[in-house]
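1. just a sequence and a predicted model for now, questions to come.
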Amino acid sequence: MYLTVIRLIALFFLLGLFSCSNQVEYIELEVLVSDTVKIEEKVLARIYSNNSDWKIVKAYFECEDKLKADKVDALNETIEGCSKELFVRNDTVIIQFTPTKLGLNDFGKIKTLMKKGSDKFKVLESDFSYIVIQ
C-alpha cells in the first residue's frame with residue numbers, strides 16, 4: 001500500500017483590517033490516506049493544514065449544500081448547516097472507517113473550520129478517494 005498525499009490548495013485573499021499592504025496567504029490542506037485498502041479493513045485518514053498560522057478547530061461532513069458562502073458562527077465556532085462533526089485533535093482531522101464496497105470510493109465533501117488568532121475564520125473544503133480491493 002502506498003500513501004497518497006492529496007494536496008488541495010485554497011487561495012485566500014486576506015486583507016488585514018489594520019494593514020497597509022494587501023497580502024496573499026496560501027492555506028493548503030493535506031489529506032494523508034492509503035490509496036488502496038482491503039475490504040473490511042480499517043482505514044485511517046488524517047487531514048491537516050500546512051499553514052501554522054491557521055488551525056483546524058472543527059470539521060464536518062454531509063453539510064447542507066448552499067449556493068451562498070458558508071456562514072460561520074464565531075461565538076460557538078461552528079459552520080451553519082453542518083451537524084455531523086468529525087474528530088479533530090491537535091490541529092488534525094482524524095477519520096477512521098471500515099469500507100464495505102469494492103472499487104473506487106469517495107469519502108465525500110469535508111468542510112473544515114480554520115481559525116487564525118482569536119477572531120479570523122475561514123471554511124475550507126476537501127475530499128479524498130480510495131480503492132477497495134479483496
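-> Cool, got the structure.

2. in the protein, which residue is closest to the centre?
-> For the chain, the residue nearest the mean C-alpha position is residue 112 (4.3 Å; C-alpha atoms, centre = their mean).

3. I'd say it and residue 127 touch.
-> No - with contact defined as C-beta atoms under 8 Å, residue 112 does not count as touching residue 127 (11.3 Å). C-beta coordinates here come from the backbone N, C-alpha and C atoms, glycine included.

4. re the thing from before, give the buried residues for the helix or strand containing the residue nearest to the centre of the chain.
-> Using DSSP states H and E, residue 112 falls within strand 110-116. Buried residues in strand 110-116, counted by 16 or more other C-beta atoms under 10 Å: 110, 111, 112, 113, 114, 115.

5. format those as TSV; extra columns: pLDDT and distance to residue 75.
-> Shown next, in TSV, are those (pLDDT from 0 to 100; distance: C-beta to C-beta, whole Å):
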residue	pLDDT	distance to residue 75
110	95	23
111	94	18
112	95	19
113	95	13
114	95	17
115	94	13
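
6. can you list those residues in a markdown table and add distance to residue 55?
-> Shown next, in a markdown table, are the buried residues of strand 110-116 (distance: C-beta to C-beta, whole Å):
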| residue | distance to residue 55 |
| --- | --- |
| 110 | 16 |
| 111 | 15 |
| 112 | 10 |
| 113 | 10 |
| 114 | 7 |
| 115 | 5 |
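
7. which members of those residues are the farthest-apart pair?
-> Farthest apart among the buried residues of strand 110-116 by C-beta to C-beta are 110 and 115. That separation is 16.5 Å.

8. nothing else from me, thank you.
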